[in-house]
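Student: the following block contains a protein sequence and its predicted model.
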Amino acid sequence: MISPATTVGDTRARLQAASRARDRRVQLVVVGLVVLAVGAVLGIGLGTVAIPIGDTLAIVADRLFGTHLSSADPAMVAIVWDLRVPRVLTAMVVGAGLAVAGATFQGLLRNPLADPYVLGTASGAALGAAIAVLIPVRALFLGFGLVQAFAFAGALLAITAVYKLSRVSGLAPLTSLLLTGYAVASLLSAGLAMAMYLSGAALRQIFNYLLGSFEMASWERLIGALPIVVVGSLLIMSRARSLNGLLLGEEAASNLGINVGRERAVLLGLASLVTAAAVTISGLIGFVGLVVPHVVRLITGPNARAVLPISLIWGANLMVYADLVARLAGDIPVGVVTAIIGAPFFLALLRRARTGYEL
Amino acid sequence: MSRPALWVDGVTVEARGRAILRDVSLTLDHGERVALIGPNGAGKSTLLRVLAGVLRPAAGRVELDGTPVGSLDRSEVARRLAVVPQQTALPFSMRVEEVVALGRLPHESTLRGASPADRASVAAAIDRVGVGHLMGRDARELSLGERQLVLLAMAVAQDAPVLLLDEPTVHLDLRHQVEAMELLQDLNERDGTALVAVLHDLGLASHFFPRLVLIAHGRILADGTPDEVLTDERISDVFGVNPALVRLAASVAGG
């Protein structure tokens, strides 16, 4: 135009400089993986029975690579391999899944308050678990107990109901989804309250599920949830372009080449599957799915190509360390720890953020 | 290239039983530029949304380069046609250059993201619209006019042969209004980009656009050169203002 303050070469150089944010992304990934590896070793070594780092590494290496480095006694091997390793891996998978699902829901619903539980998956899972506790039958399939199977089904039924009901409304799709999610979640919570009221002696079991815990982690359960979380997260990441288009709203996304109706359905489905798999093996753990994507976005900007993978790594990190704290503090529920770490950290970051959040 | 860039035939749009557009037909050739004018609520923005293919008409046909727009994949449409929205709300903090870069979404590879060529297009668009001094700033902290220029830069980065604009000058000060118009003229004459712009300023419209389309009550009332379309009767009938005021504004815009 009339008064170009800059030349073309200059602007390109400044864009290049701005994309140094990319270096920071690489740092976040590399540091995140190192911190995660340290967390894994600590998580396997520390607990009621402390196991020296050398023994921890030797036992894991023996199991993974068939070496004979460890001279530890079989009880210690059992603690490491049958209890601690699946527990740490479960924490990683759940943290990673919830963070990716949270980032997806926030982007899809264009709402900073969204988390993996916003559209009824949590209340559906909780009600499913409570009903399973009340049923006097104990069955196992695919390594899952009845509680896990019902929780998984409950989460998916709830999100399906929300999605179907929201499409009947005359409101804009996003508003309708959020309000329908709220209404369905309230209804399911009423059901949950009723189930808890009727549960009598089983109340504590329901309560354990609601607070979230990795105490019951096992290889069987982990193997049931792991593929869903991994494949689901990878598929979500392959659709980063759609989430980027949606930053400017649904109509703008459509004008930028995104098939909004299809992408919304696919991303909702994938994020809900990941959430359902995570809550099935861990119960309801709050804050990870809300806080991690926000913190990442404040550092990297809103590009989903960066936000999704970095949220995945740091979500896993937050959960591994929160579980470690929970165990060392005498096995308190891990959801309490994530809230205690997450909430003040988030508040501090909001104060330092470039701008406030528009709701 | 005999096929028009955009072709609309017999389009009717209804909302809750009320007709917003009635039997609208319009042809836009490659390299042409048209201003849509008319009073508030006439259906101009609705027509723009129909042209962009984001609103399906109740009746009628819309073709982009001879293909029904509804049968094209959205990314295919977005490579051929860009839209400058009036305003958008950003849910998250986002820098100006990050917003402009969204214009490259229809071109970038699904898995690998933006290429160096994409980044070069973003830099070129930033320079062409003159928003280089806004780089690094949070798009949500900008004034409405600055945001409008950023959205224009995003559409320019999209590099499509057809550009639709919904009141692109509404929040701009006088100097930026004229500069934006000169940029549109340049895009049209130098790059051959076909333009359809909804404009409220009849002075700017008649000075910078050789063809005006007047819409009122969902129908096209006139289509032709500014002199043919903006007769004294139409100005007083359709807009309800004294024609002399419009002539004065037009002569100011014309310098």
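Tutor: Happy to help now that I have it.

Student: now do the strands in chain A.
Tutor: Assigned by DSSP state E, chain A shows strands spanning A:140-141, A:144-145.

Student: ramachandran coordinates for the closest residue to residue B:240 other than its chain neighbours?
Tutor: Residue nearest to residue B:240 in three dimensions, not counting chain neighbours: residue B:39, with 7.7 Å by Cβ to Cβ, 6 or more residues apart in numbering or on different chains. C-beta: built from backbone N, CA, C; applies to glycine. As for residue B:39, its main-chain torsions (degrees, to the nearest 10) stand at phi -70, psi 170.

Student: any idea how many residues pack against residue B:39?
Tutor: 15 (other Cβ atoms under 10 Å in any protein chain shown).

Student: identify the residues contacting it.
Tutor: By Cβ atoms under 8 Å, 6 or more residues apart in numbering or on different chains, the contact set of residue B:39 is B:216, B:238, B:239, B:240.

Student: what's the closest of those residues to chain A?
Tutor: Ranked by distance to chain A (Cβ to the nearest Cβ), those are led by residue B:216 at 24.5 Å.

Student: do you know how far the closest one is from residue B:167?
Tutor: Distance of residue B:216 to residue B:167, computed by Cβ to Cβ, to the nearest Å: 17 Å.

Student: over to residue B:140?
Tutor: Distance of residue B:140 to residue B:167, computed by Cβ to Cβ: 20 Å.

Student: same check on residue B:69?
Tutor: Taking Cβ to Cβ, one finds residue B:69 at 22 Å from residue B:167.

Student: more crowded one of these two?
Tutor: Legend: neighbour count by other Cβ under 10 Å for residue B:69 and residue B:167, higher for residue B:69 (24 against 20).

Student: count of neighbours near the closest residue in space to the more buried one that isn't next to it in sequence?
Tutor: Closest residue to residue B:69 apart from its sequence neighbours, by Cβ to Cβ, 6+ apart: residue B:53 at 3.8 Å. Counted with other Cβ under 10 Å, the neighbours of residue B:53 add up to 21.

Student: and residue B:161, by the same measure?
Tutor: Neighbourhood size, residue B:161 [other Cβ under 10 Å]: 17.

Student: do the same with the one 10 residues further on
Tutor: Around residue B:171 sit 17 other residues, with neighbours defined as other Cβ under 10 Å.

Student: surely it and residue B:150 touch.
Tutor: No: checked against Cβ atoms under 8 Å, the pair residue B:171 and residue B:150 is beyond contact range at 11.5 Å.

Student: tell me the secondary structure at the closest residue to chain A within the stretch 151-255 of chain B.
Tutor: Residue of the stretch 151-255 of chain B nearest chain A, by Cβ to the nearest Cβ: residue B:179 (4.5 Å). Assigned state for residue B:179: helix (three-state reduction, DSSP: H, G, I helix; E, B strand; the rest coil).

Student: surely it meets residue B:128?
Tutor: No: contact criterion Cβ under 8 Å: residue B:179 and residue B:128 do not qualify, at 11.0 Å.

Student: list the contacts of the residue most central in space within chain A.
Tutor: The centre of chain A sits closest to residue A:98, judged by Cα atoms, centre = their mean, with a distance of 0.8 Å. Residue A:98 sits next to A:116, A:274, A:275, A:278, A:285, A:288, A:289, A:292, A:315, A:319 when contact means Cβ under 8 Å, 6+ apart.
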